[in-house]
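Q: After the sequence you'll find the predicted model.
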Amino acid sequence: MASTISAFNISTIAILIFFMPIHVTCKQKHEFVKEINKEALELREEKLSHFRFFWHDIGTGIHPTSVTVVKPLPKFRNGFGFVNMIDNPVTIESELSSKLVARAQGFYASASQAELALLMIMNFVFVEGKYNGSTITLLGRNPVFHKVREMPVIGGSGLLRFARGYAQARTHSFNLKTGEATVEYNINVMHY
């Protein structure tokens with residue numbers, strides 16, 4: 001009988017201990033959103049920065065940086081529906097051999113049946129200078145045959161945290177045979 005009581009007491013204690021943290025956790029109030037103090041994030045004064053560089057889309061050769069992952073259906077003459085994944089070099093000058101300052105990582109997709117207009121989703125990942133390791137995130141429509149295309153900057157990380165602004169893209173060169181392109185980007189970004 002003593003061993004039965006002892007086993008019963010141990011089981012009861014174990015169950016109480018098991019459920020005790022759940023009871024304590026349930027008492028805490030959980031809010032979906034709350035206001036925070038800017039000082040708690042250690043935000044500096046907001047500033048405007050201008051970035052200018054060249055994006056190189058390379059789809060041929062030994063080391064392509066742009067790869068088609070979804071091909072368009074043949075019935076669409078303008079390539080509607082294709083998707084390219086990219087890890088493109090971004091350089092300080094238009095020559096691919098100039099200094100590498102970032103990588104453009106993400107994808108673009110043909111999103112218009114009426115014209116060649118791309119949905120661009122990419123991060124400019126800086127690999128040089130003050131912003132090394134920081135990113136600018138761009139998401140927008142790129143009608144590639146327009147002289148100047150404007151796309152929104154929707155965020156950033158590192159020193160460019162809370163980034164917002166816009167990018168203007170201008171085609172510097174385009175090879176009709178290979179599809180390779182060099183595009184100049186001018187990006188104006190508000191950040192802390």
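A: Nice, I can see it. Predicted model, so just to flag it, every value in this text is computed and none were measured. Numbering: from 1, shown residues only.
Q: From the centroid of the protein, which residue is nearest?
A: residue 123 (4.0 Å; C-alpha atoms, centre = their mean).
Q: ok now do it, which residues does it touch?
A: Counting by C-beta atoms under 8 Å, 6 or more residues apart in numbering, residue 123 makes contact with 104, 105, 106, 135, 136, 137, 138. Heads up, the C-betas are built off the backbone N, CA and C, glycines and all.
Q: Could you point out the bridge partners of it in the sheet?
A: Under DSSP bridges, the beta-bridge partners of residue 123 are residue 105, residue 137.
Q: Look up how far residue 133 lies from it.
A: 12 Å (C-beta to C-beta, to the nearest Å).
Q: re earlier: columns neighbour count on top of the contacts of residue 123, output as a markdown table?
A: Listed next are the contacts of residue 123 as a markdown table, based on neighbours: other C-beta atoms under 10 Å:
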| residue | neighbour count |
| --- | --- |
| 104 | 25 |
| 105 | 17 |
| 106 | 19 |
| 135 | 22 |
| 136 | 28 |
| 137 | 19 |
| 138 | 26 |
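Q: Between the residues you listed, which sits nearest residue 147?
A: Closest approach to residue 147 among the contacts of residue 123 (C-beta to C-beta): residue 138, at 18.7 Å.
Q: tell me the pLDDT at that closest one?
A: Residue 138 carries a pLDDT value of 98.
Q: do you know how far it is from residue 71?
A: 24 Å.
Q: would you list every one of the helices in this protein?
A: Ranges of helices within the chain are 2-27, based on DSSP state H.
Q: Show me what residue 170 bridges to in the sheet.
A: residue 184.
Q: OK, contacts around residue 65?
A: Applying C-beta under 8 Å, 6+ apart to residue 65 gives the contacts 56, 57, 58, 59, 86, 87, 88, 89.
Q: Quickly check the residues you listed for the two that are furthest apart.
A: It's 59 and 89 that sit farthest apart of the contacts of residue 65, by C-beta to C-beta, at 13.0 Å.
Q: dump the residue contacts of the residue lying closest to residue 111 once chain neighbours are set aside.
A: Of all residues not flanking residue 111 in the chain, residue 119 sits nearest, at 4.1 Å (C-beta to C-beta, 6 or more residues apart in numbering). Going by C-beta under 8 Å, 6+ apart, residue 119 touches 108, 109, 111, 140, 141, 142.
Q: quick one, strands of the protein?
A: With strands called from DSSP state E, the chain shows them at 47-57, 66-70, 83-91, 100-110, 117-126, 135-143, 149-157, 164-174, 181-191.
Q: Same list, those, but as TSV with distance to residue 34 please.
A: Below are those laid out as TSV (distance: least, C-beta to C-beta, whole Å):
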stretch	distance to residue 34
strand 47-57	27
strand 66-70	40
strand 83-91	38
strand 100-110	32
strand 117-126	29
strand 135-143	25
strand 149-157	21
strand 164-174	22
strand 181-191	24
